[in-house]
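Asker: Kindly return the folded structure for what I paste below:
(chains A and B)
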Protein chains: 2
Amino acid sequence: MTQHEGRIGRYVRMVAQPGQGDALAEQLLHVADSLRDSPGCELYIINRAPDEADTVWVTEVWASQEASDTALSQDLADAGIGGVLALLAGPPELIDLTPMGGPGLR
Amino acid sequence: MTQHEGRIGRYVRMVAQPGQGDALAEQLLHVADSLRDSPGCELYIINRAPDEADTVWVTEVWASQEASDTALSQDLADAGIGGVLALLAGPPELIDLTPMGGPGLR
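Answerer: This next block holds a predicted model:
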């Protein structure tokens, strides 16, 4: 049985240590910039939560699980993901998705 | 004081009545198609939840609150949002976002 190689998505919720929401968002925007040319990275949008100053949500869409695994293991290390992890109050929470279609999806 | 007119985003979680997840996703894909040319609609992506057959998440980004209000009041009525609501097991749950940047954001 071959592994399914379709498009995958994810919402990732990260909560910074108190007062570190700005720093977390800034660091994640650097990560996002470093992913701009990664093969199979279709969306990697950094979002603030208007009512939670220390929360940042990342909206991800990848061409395949493999593209996601490759980029997140290689590019994120280069892009300072260590700096992101150091700012967090706890582990990221993930909501896994299977994108089906709609405006903005390639 | 003028209202802030920046970009807004939203994750919308909809849960269908038992066994109606496919129908809900199908109906929402029609809504998404009808929004393709709506002014200010930057993302309106329909996602299945791989582990919850009756759950559909919509990833939205709009150029402004006004663009969102206009499209969702006019275009959704035309696009059969009534059919969506009839399939739901409960009211949609919203996570409000302020998109900051990253690949896939215009």
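Asker: looking just at contacts, which helices and strands does whichever strand or helix holds residue A:54 meet?
Answerer: Taking DSSP states H and E as the criterion, residue A:54 maps to strand A:52-62. Applying 3 or more Cβ pairs under 8 Å, 6 or more residues apart in numbering or on different chains; DSSP states H and E, we find strand A:52-62 packed against strand A:8-15, helix A:21-34, strand A:41-49, helix A:65-78, strand B:8-15. Glycine gets a C-beta too; all of them are placed from N, C-alpha and C.
Asker: Could you list the buried residues of that strand?
Answerer: The neighbour-count check on strand A:52-62 (16 or more other Cβ atoms under 10 Å in any protein chain shown) flags A:54, A:55, A:56, A:57, A:58, A:59, A:60, A:61, A:62 as buried.
Asker: just the CA coordinates of that strand, formatted as PDB?
Answerer: Coordinates of each C-alpha in strand A:52-62 appear next as PDB, following Å, rounded to 0.1, in the frame of the first residue of the first chain:
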ATOM      1  CA  GLU A  52      -5.200  36.800  23.000                       C
ATOM      2  CA  ALA A  53      -2.000  38.900  22.800                       C
ATOM      3  CA  ASP A  54       0.300  36.000  23.400                       C
ATOM      4  CA  THR A  55      -1.300  33.600  20.900                       C
ATOM      5  CA  VAL A  56      -0.100  33.100  17.300                       C
ATOM      6  CA  TRP A  57      -1.800  30.800  14.800                       C
ATOM      7  CA  VAL A  58       0.000  29.400  11.800                       C
ATOM      8  CA  THR A  59      -2.100  28.400   8.800                       C
ATOM      9  CA  GLU A  60      -0.200  25.800   6.800                       C
ATOM     10  CA  VAL A  61      -1.000  24.100   3.400                       C
ATOM     11  CA  TRP A  62       1.600  21.700   1.900                       C
END
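Asker: Just checking: what are the partner strands of that strand?
Answerer: Paired strands of strand A:52-62, with direction, are strand A:8-15 (antiparallel), strand A:41-49 (antiparallel) (DSSP bridges).
Asker: May I have the shortest one as PDB, with CA atoms only?
Answerer: Looking back up the chat, that one is strand A:8-15. What follows is strand A:8-15 as a C-alpha-only set of coordinates in PDB (Å, rounded to 0.1, in the frame of the first residue of the first chain):
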ATOM      1  CA  ILE A   8      -2.300  18.400   3.700                       C
ATOM      2  CA  GLY A   9      -3.000  21.400   5.900                       C
ATOM      3  CA  ARG A  10      -2.700  22.300   9.500                       C
ATOM      4  CA  TYR A  11      -3.700  25.100  12.000                       C
ATOM      5  CA  VAL A  12      -0.900  25.400  14.600                       C
ATOM      6  CA  ARG A  13      -1.700  27.300  17.800                       C
ATOM      7  CA  MET A  14       1.300  28.600  19.700                       C
ATOM      8  CA  VAL A  15       1.100  30.500  23.000                       C
END
